[in-house]
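Trainee: Here is a sequence with its predicted model. Questions after.
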Amino acid sequence: MLNGLMNTLSVAFISLRVNILRSLLAMLGIVIGVGAVIVMVALGMGARELIGERIRSMGSNLIYVTPGASKQGAAHMGAGTVHTLTARDCEAIRNQCPSVRAASPVWNQQTQVVHGNRNWHVLVQGVTGDYFLVRDWQVQSGRLFGMHEERTGSKVCIVGTTVAEKLLRSDDPVGKDIRIRNVPFRIVGVLDGRGQSPAGGDQDDVLFVPLVAAHSRLFGTPFKDEVRYIVVQAESQDLISQAEHEITELLAKRHRTALGSENDFTVKSLTDMMRASEDSVRILTLLLASIASVALLVGGIGVMNIMLVSVTERTREIGIRMAVGAKGRDIIGQFLVEACTLTMLGGVTGIGLGIGTGYIFAQATNWPVLVSPIAVVGAFGVSATVGIFFGFFPAFKASRLNPIEALRYE
């Protein structure tokens, strides 16, 4: 049996080598299909990893409390015209929710910042010292706000690396004076770089001042206690859902929300955001991989066409083999082996092409590309199945030839 199999493989390889150009053209669709599937899945997994990395860069166990109903709160992050949250709400969350480790109110506004003859349009955020604890954000030079500076609204600020580069260039920012809306502030710290946010914005293009200073010295809010949103850190990943429930119950009670009515705030964790983003990317990846899989179908049809041509060209050979005792299953086996050899060689080449293309793309665009072993094995398995499926009909046709008519074929 082993000798028979080896003989069949030998005949198949000789036949494919005789018509090498035709064999390569038959493989081309399989190569492109397998390579495209692997690249699409690798890009999709890379996108999921990139989104996850950016979300994790915002901090751990984060929960955002925004004003307004869920749609408005999620869309505007509390930056709309409705402000239903206050600094006292934040203090209540910090003190009365057992699953909460820290919380900070935030008032933010885009404004012009000037240093010497240079200026920069930046997002100025009024926060408390807990903000940097919640975001797991350290300073690379200088220091954070002191308690006295927070309470009194001192004119001190902490800048992100982008602001430091745009305003101060090569100078050491710590200790330098800048003007925010014509109010002088002194830089006391520069934060570590965080890179892009999940939305694609620059997290380092930001400037922080004490919340009291933002209210009283810069923006003159109608109600000095109101805030754009509240950022909260749960005690652990396992307690995020419990913390969300505690915050929702507490604020509903504080805002006197009637039973059955919609809350005037939204509580959403980064876990929810990550899950929604990953679901979107997963669907897109499956869609792209499905589209790429069409090339495998086209490649399979190409293999079938080539094998049908091969059956026609080798009719006399088939007749001779059947005349000397070859059975129908032997003929089927020979042509199936040829078809599977074509598709499997195409699959191996496509795997190499897909992995190589993925890594070239990663180097050129700095986009993470994660090659999935499941996608590689799956694509190879599909290519082998395509060979069997589309090779069977030509093989069956060859096995049904009449030996006498085959020998007379010109």
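Mentor: Great, that's in hand.

Trainee: Please identify which helix or strand holds R17.
Mentor: For R17, the element it lies in under DSSP states H and E is helix 2-18.

Trainee: likewise V231?
Mentor: Short version: V231 belongs to strand 229-234, going by DSSP H and E.

Trainee: Direction included, what does that strand pair against?
Mentor: In the sheet, strand 229-234 lines up against strand 62-67 (antiparallel), strand 100-115 (antiparallel) (DSSP bridges).

Trainee: is it possible to export those strands to JSON lines including mean pLDDT, mean neighbour count and distance to V298?
Mentor: In short, each C-beta sits where N, CA and C put it, glycine included. Formatted as JSON lines, those follow (pLDDT from 0 to 100; neighbours: other CB atoms under 10 Å; distance: least, CB to CB, whole Å):
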{"stretch": "strand 62-67", "mean pLDDT": "90", "mean neighbour count": "24", "distance to V298": "47"}
{"stretch": "strand 100-115", "mean pLDDT": "91", "mean neighbour count": "20", "distance to V298": "52"}
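
Trainee: Make a markdown table from the ones you listed and add distance to K253 to it.
Mentor: Output for those, formatted as a markdown table (distance: least, CB to CB, whole Å):
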| stretch | distance to K253 |
| --- | --- |
| strand 62-67 | 14 |
| strand 100-115 | 16 |
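
Trainee: I'd like the distance between G302 and M27.
Mentor: 9 Å (CB to CB, to the nearest Å).

Trainee: More neighbours: these two, which one.
Mentor: Comparing G302 with M27 by other CB atoms under 10 Å, the one with more neighbours is M27, at 26 against 19.

Trainee: I figured the more buried one hits G347, correct?
Mentor: No - M27 is beyond contact range of G347, at 9.0 Å (criterion: CB atoms under 8 Å).

Trainee: residue boundaries of the helices in the stretch 251-400 of the chain?
Mentor: 270-313, 315-323, 328-365, 373-399 (DSSP state H, counting those that start in this stretch).

Trainee: for the record, mean pLDDT for the strand holding V231?
Mentor: Confidence for strand 229-234, expressed as mean pLDDT, is 92.

Trainee: can you give me the angle it makes with helix 270-313?
Mentor: 80 degrees (axes from the mean of the first three to the mean of the last three CA atoms, to 10 degrees).

Trainee: Using the record's assignment, carve the protein into domains.
Mentor: In terms of domains, the chain is parsed into 2-54+276-408, 83-263 (source: automatic domain parsing).

Trainee: out of the ones you listed, which comes closest to G68?
Mentor: Closest of those to G68 is domain 83-263, at 7.0 Å (criterion: CB to CB).

Trainee: gap between the closest one and the chain center?
Mentor: For domain 83-263, the gap between its own C-alpha mean and the chain's C-alpha mean amounts to 27 Å (CA atoms, centre = their mean, to the nearest Å).

Trainee: Name the spans of the stretch 301-410 of the chain whose pLDDT lies under the cut-off.
Mentor: Scanning the stretch 301-410 of the chain for pLDDT under 70 picks out 404-410.

Trainee: Tell me how many other residues surround I180.
Mentor: The burial count for I180: 22, using other CB under 10 Å.

Trainee: V163 is in contact with that one, correct?
Mentor: No - counting by CB under 8 Å, I180 stays clear of V163, with 10.9 Å between them.

Trainee: Identify the contacts common to these two.
Mentor: Listed as contacting both I180 and V163 by CB atoms under 8 Å, 6 or more residues apart in numbering are V113, L207.

Trainee: before we move on, the earlier item: is it possible to get JSON lines of the helices of the stretch 251-400 of the chain that adds distance to A258?
Mentor: Compiled in JSON lines, the helices of the stretch 251-400 of the chain are given as follows (distance: least, CB to CB, whole Å):
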{"stretch": "helix 270-313", "distance to A258": "26"}
{"stretch": "helix 315-323", "distance to A258": "85"}
{"stretch": "helix 328-365", "distance to A258": "52"}
{"stretch": "helix 373-399", "distance to A258": "51"}
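
Trainee: Please name whichever of those helices is nearest to T248.
Mentor: helix 270-313 (13.2 Å).

Trainee: Next, the buried residues of stretch 231-245.
Mentor: V231, V232, Q233, A234, E235, L239, I240, Q242, A243, E244 (16 or more other CB atoms under 10 Å).

Trainee: Could you work out the most separated pair of the residues you listed?
Mentor: V231 and Q242, at 17.7 Å, using CB to CB across the buried residues of stretch 231-245.

Trainee: all helices of the stretch 101-250 of the chain, in order?
Mentor: Using DSSP H, counting those that start in this stretch, helices in the stretch 101-250 of the chain cover 130-134, 147-152, 161-168, 211-213, 240-254.

Trainee: Nearest to Q96 among those helices would be which one?
Mentor: helix 240-254 (5.8 Å).
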